[in-house]
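>>> fold the following and give me the result.
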Amino acid sequence: MPAESAFVSPTQDDLTRPRRLQLLGILCGFTAGAWLGAAEAPTKLVTIGISPMVISLIMVTGVFLARWSLPALVLGTSSVRADVRRAPHLILWALLAGCLWAVANTLTIFAIRDIGLSIAFPLWNSNSLIGIFWGFLFFNELQQAGWRRWTGVLGGAIVMCVGAAILAIASASQGTSGHSLNGVWAALGAGVLWGTMYIPYRKAYLTGMNPLSFVTFFTFGELGMMSALAVSYTGFTPLLHELFAARTVIFWLMLGGFVWVIGDLFQQYAAKYVGISRGIPLSNTNQLWGLLWGIFVFGELQGKSHVTYLEVIGGSLLMIVGVGAIAISSATGEEQKHWKEAAQRESQRYGVEAEYVEARFEGRQAAGEERPSRGTLDWLLVAVATFILVRFAAMARIPKLSFHWGPALALTAALILFLLLCGRKLWRTTRFH
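Numbers count the residues shown, from 1 in each chain. Below you'll find the model as predicted:
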């Protein structure tokens, strides 16, 4: 028999799966943008006098509950334990990423207080540029991508910078306090930290860890760092007094944390399947959702001049055009070979099984890997998180701020539609691996 007859041709699924994963990653990126944009809506409570530190701490507490209860509900903690046994080094990276997130999230609260939600969103989304740089430098992204994709990604990044500059100019008229420049710097600082935070993300997913596993340890870093920031900035006793005074809005802030986690999970799947150089800009469509919430739900631009409207809307649309250019510049087969080389490098560095890394790279279970299951601990985590939310919901009151229910309900319906469509696609394609 000739030697070539022993060659096993790849199946149709093998040939089309990379493309399907690319499209899935793009969909996850846009879904993440919708949910991450909505998650920032409760931070408007800073305008009624609640401390940015208190808002951030309560939101992170909600994030902590969600990051343990949602993975327990979707796959079960058995999947988390299995991932940790294979790649225990990623626990440290997850804690580091959580610390970076906590500092960045706190900066966004100050930015919203000083320059408003409509302006702050696009400025901290400068993390796209940071992500593109780190993805190329550390993880072989955009290597052998071809001049068209390089042009799409870099051209999109330049357009996003122009849009951000226009919005920074608009902040001078939109700022609600005398600290507009401070708000701009706070938003840009958050962008740098969030862009750097994606280095641990990409290391985790190249090594094969499930996003649902990574976020459970991520949350210890963010809650620990946020607690330290709040106590050092406010003082322990004053912090307790502020938390007690804010008890009627704790539910809304914790709910914002839950919404943020849903968006972040989709963002992490986007980073896994299309890389951070593309996944971050795609999820940064949250700027458009932030604009919609800020203008239609909270009436941020009421009474402003036509010039301000043109600057804010024009700058946002420019940034969306940049994101679109990056989105259509999906990775080719040659570039994905370099991704696999980066994954092999990570597996060899940390001693992770090559078969496990390859399987997770393709969004499937490794051979011999046990199917995830839910146990008593998982249902206990879900029950505790539900009880805490219900308890604070019972004492919640609707805060006294400008709020329009019609647009809020319409945007919420859009969120649910994205969740159902993307969640179904993610399950059918990867079973959340």
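>>> quick check: buried residues in the helix or strand harbouring residue 111?
According to DSSP states H and E, residue 111 maps onto helix 90-115. In terms of neighbour count (16 or more other CB atoms under 10 Å), helix 90-115 has its buried residues at 90-91, 93-115. Heads up, the C-betas are built off the backbone N, CA and C, glycines and all.
>>> which secondary structure element of this structure has the lowest mean pLDDT?
When each helix and strand of the chain is scored by mean pLDDT, DSSP states H and E, helix 147-174 comes last, with a mean of 69.
>>> okay, the angle between the next helix or strand after that helix and helix 90-115?
Sequence order places helix 180-207 as the next helix or strand after helix 147-174, per DSSP H and E. Counting by axes from the mean of the first three to the mean of the last three CA atoms, to 10 degrees, helix 180-207 lies at 160 degrees to helix 90-115.
>>> for the most centrally placed residue in the chain, what are its contacts?
The chain has residue 264 as the residue nearest its centroid, 3.4 Å off, counting by CA atoms, centre = their mean. Residues near residue 264 by CB atoms under 8 Å, 6 or more residues apart in numbering: 32, 36, 215.
>>> ok, and the most crowded of these?
residue 32 (29 neighbours; other CB atoms under 10 Å).
>>> could you check how far that residue is from residue 411?
Going from residue 32 to residue 411 by CB to CB, to the nearest Å gives 15 Å.
>>> any weak-confidence spans in the protein?
Judged by pLDDT under 70, the chain has its weakly predicted residues at 1-15, 46-47, 117-118, 121, 144-147, 150, 164-165, 167-179, 330-333, 367-368.
>>> now do 50
1-10, 174-178 (pLDDT under 50).
>>> residue 29 and residue 272: what is the separation?
11 Å.
>>> any common contacting residues for the two?
With CB under 8 Å, 6+ apart, residue 29 and residue 272 have common neighbours residue 279.
>>> helix or strand right after whichever strand or helix holds residue 33?
According to DSSP H and E, residue 33 maps onto helix 12-39. Per DSSP H and E, the first helix or strand lying C-terminal to helix 12-39 is helix 52-74.
>>> which strands or helices does the helix or strand following that following helix pack on?
Note on helix 52-74: by DSSP H and E, the next helix or strand toward the C-terminus is helix 77-86. The contact analysis (3 or more CB pairs under 8 Å, 6 or more residues apart in numbering; DSSP states H and E) places helix 77-86 against helix 52-74, helix 90-115, helix 211-234, helix 376-394.
>>> distance of residue 417 relative to residue 293?
For residue 417 relative to residue 293 (CB to CB), the value is 16 Å.
>>> more neighbours, these two?
Higher neighbour count among residue 417 and residue 293: residue 293, with 24 against 12, using other CB under 10 Å.
>>> that one contacts residue 411, doesn't it?
Yes. Residue 293 is in contact with residue 411 according to CB atoms under 8 Å; the separation is 6.5 Å.
>>> next up, the contacts around residue 32.
Going by CB under 8 Å, 6+ apart, the list of residues near residue 32 reads 263-267, 270, 282-283, 286.
>>> try 7 Å
Neighbouring residues of residue 32 by CB atoms under 7 Å, 6 or more residues apart in numbering: 263, 266-267, 270, 283.
>>> now residue 193
Applying CB under 7 Å, 6+ apart, the residues contacting residue 193 are 100, 103-104.
>>> ok, 8 Å please
Counted by CB under 8 Å, 6+ apart, residue 193 has contacts 100-101, 103-104, 107, 127.
>>> and the furthest pair within those?
103 and 127 (13.1 Å; CB to CB).
>>> which ones are touching the closest residue to residue 203 other than its chain neighbours?
Excluding the flanking residues, the one nearest residue 203 by CB to CB, 6 or more residues apart in numbering is residue 93, at 5.8 Å. Neighbouring residues of residue 93 by CB under 8 Å, 6+ apart: 200, 203-204.
>>> again with residue 423
Applying CB under 8 Å, 6+ apart, no residues qualify as near residue 423.
>>> so it versus residue 374, what's the distance?
17 Å.
>>> what do you get for residue 37?
31 Å.
>>> more crowded one of those two?
Each of residue 37 and residue 374 has its neighbours counted (other CB under 10 Å); residue 37 has more, 27 against 17.
>>> could you check how far the closest residue to the more buried one other than its chain neighbours is from residue 85?
Counting by CB to CB, 6+ apart, residue 289 is the residue found nearest to residue 37 once chain neighbours are left out, at 2.6 Å. Look at residue 289 and residue 85: by CB to CB, they are 38 Å apart.
>>> neighbour count winner among these two?
residue 289 (23 against 8).
>>> what packs against the helix or strand hosting that one?
Per DSSP H and E, residue 289 falls inside helix 286-292. On a contact count with 3+ CB pairs under 8 Å, 6+ apart, helix 286-292 meets helix 12-39, helix 117-124, helix 306-327, helix 405-430.
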